[in-house]
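Asks: generate coordinates for the sequence data below:
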Amino acid sequence: PSKPLPHDAIHYLTEDELGVDYGFWGCVAAGAIYKGMAIVTGKVRHDSEKKSKEVIKANGHKISEAEVLAGIILIILREDIKNDWPKIQQVQKSAWQAASPSRPLMTHKEIRRICDRIERLSTDWLALADGQTMTLKWEKRNRTMPSSQRAKARG
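Replies: Sure, this is the predicted structure:
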């Protein structure tokens, strides 16, 4: 039986390719801990619960936007329309959009790049034997963090 690429991996690839640093994975990297998650290596901060709540509260709208972006990619993959720009535009325009979006709608080039990367990772994922793992590393870029948060992060 095939094992589809996990939803969180779709999020990872979408956010990584778009440079979305404060979506789901950027928030996890900044200290957010969601229900069902566990710290498996490293030290847990003494104030980890407080830090997690602060990160999630400060970035709630960006987390929602990241969820929508990954959802759009999932629709594109499910409907096999990565090369049909008019249909992709319809999918994007019908998706929820923030009143003050953090980024413009995805370009066709970005979407094709994300879909291609997902297809490559899916091949690697399917090749894993039971019990094998795959590691993805999050590289923070600070490209989508608001300037007010960037100043706090530096200082």
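Asks: going by C-alpha atoms from here, please, whenever you check contacts or count neighbours.
Replies: Will do.
Asks: check the offset of stretch 101-120 from the chain's centre.
Replies: Stretch 101-120 sits 11 Å away from the centroid of its parent chain (Cα atoms, centre = their mean, to the nearest Å).
Asks: pull out the buried positions in that stretch.
Replies: Using 16 or more other Cα atoms under 10 Å as the test for burial, stretch 101-120 gives 102, 108, 111-115, 117-118.
Asks: and those, which is closest to residue 125?
Replies: For these, the minimum distance to residue 125 (Cα to Cα) is 10.0 Å, reached by residue 118.
Asks: can you list contacts of the host helix or strand of that closest one?
Replies: In this structure, residue 118 is located in helix 108-127 according to DSSP states H and E. For helix 108-127, contacts defined as Cα atoms under 8 Å, 6 or more residues apart in numbering pick out 2-5, 10, 13-14, 17-18, 73, 77, 82-83, 85, 134.
Asks: now with 7 Å?
Replies: 2-3, 5, 10, 13-14, 17, 82, 85 (Cα atoms under 7 Å, 6 or more residues apart in numbering).
Asks: list only buried entries from those.
Replies: When neighbours are counted using 16+ other Cα under 10 Å, those contain these buried positions: 5, 10, 13-14, 82.
Asks: show me which pair in the residues you listed is furthest apart.
Replies: Using Cα to Cα for every pair in those, the one that comes out farthest apart is 5 and 82, at 17.5 Å.
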